[in-house]
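A.B. asks: Provided below are the primary sequence and the corresponding predicted coordinates.
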Amino acid sequence: MNDTRKIKGLQSQLTKLNEERELLKLKLNEISKQLTVKNQSISRIISEINKHKGDGKVNVSEHAILRYLERVEGISVEEIESKILTPEIIKMIEVVGGTGKYPLNGNTIVMKDFTVTTIL
C-alpha cells in the first residue's frame, strides 16, 4: 500500500513536470520568434548604416558648421541665442512651462524640458 501511494505521488510530480516543460517549450518558441524578428531588424539597420557610410559622400557635422559660423564667419552664438530666447519668450516659458511651442517672428520655437530643440 505504501508503494502505491509513493508511485501515485511520483506520477503526479511527473505529470506536473511534463506540463511545465511543455509550457516552457511554448515560451521558448515564442521568444525564438521574437529574437528572429529583432535580429532581422538589426540586420536591416546595419545594412542601411553601411549603405550610407559607403556612398563616398563627405559629410560635415552640425557641430563643425556651428564652429565655422562662429570662428570663420564671426557669428556670435550667444547673440543668436539671445535672439531666440527673447524676454517675451522667457516670460511665456515661465508661465506655460519648458515644454511646448512658442511663436517667434513668424516661426515657432519648439522646446522640451527647458531646451530649445528646433525652430520651425
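C.D. replies: All right, it came through fine.

A.B. asks: Strands of this protein, start to end?
C.D. replies: Assigned by DSSP state E, the strands in the chain fall at 100-104, 107-112, 115-119.

A.B. asks: out of those, which comes closest to residue 44?
C.D. replies: With CB to CB, the closest approach to residue 44 among the strands of the chain belongs to strand 115-119: 27.4 Å. Bear in mind the C-beta positions are built from the backbone N, C-alpha and C, glycine included.

A.B. asks: Could you name the helices and strands sitting against the closest one?
C.D. replies: strand 107-112 (3 or more CB pairs under 8 Å, 6 or more residues apart in numbering; DSSP states H and E).

A.B. asks: Mind doing that once more with 10 Å?
C.D. replies: Secondary-structure packing of strand 115-119 (3 or more CB pairs under 10 Å, 6 or more residues apart in numbering; DSSP states H and E): helix 77-84, strand 100-104, strand 107-112.

A.B. asks: With mean pLDDT, distance to residue 26 and mean neighbour count as added columns, please give those in a markdown table.
C.D. replies: Below are the helices and strands packed on strand 115-119 laid out as a markdown table (pLDDT from 0 to 100; distance: least, CB to CB, whole Å; neighbours: other CB atoms under 10 Å):
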| stretch | mean pLDDT | distance to residue 26 | mean neighbour count |
| --- | --- | --- | --- |
| helix 77-84 | 89 | 56 | 11 |
| strand 100-104 | 90 | 47 | 14 |
| strand 107-112 | 91 | 42 | 15 |
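
A.B. asks: Which of these sits closest to residue 40?
C.D. replies: Here strand 107-112 is closest among the helices and strands packed on strand 115-119 (CB to CB), at 31.9 Å.

A.B. asks: Could you please name the strands the closest one pairs with and the direction of each pair?
C.D. replies: Strand 107-112 pairs in its sheet with strand 100-104 (antiparallel), strand 115-119 (antiparallel), by DSSP bridges.

A.B. asks: relative to helix 77-84, how tilted is the first one?
C.D. replies: Here strand 100-104 runs at 90 degrees with respect to helix 77-84, directions being taken by axes from the mean of the first three to the mean of the last three CA atoms, to 10 degrees.

A.B. asks: Please enumerate residues in contact with strand 100-104?
C.D. replies: Contact partners of strand 100-104, identified using CB atoms under 10 Å, 6 or more residues apart in numbering, comprise 83-86, 88-90, 92-93, 96, 108-112, 116, 118-120.

A.B. asks: Alright, calling it a day.
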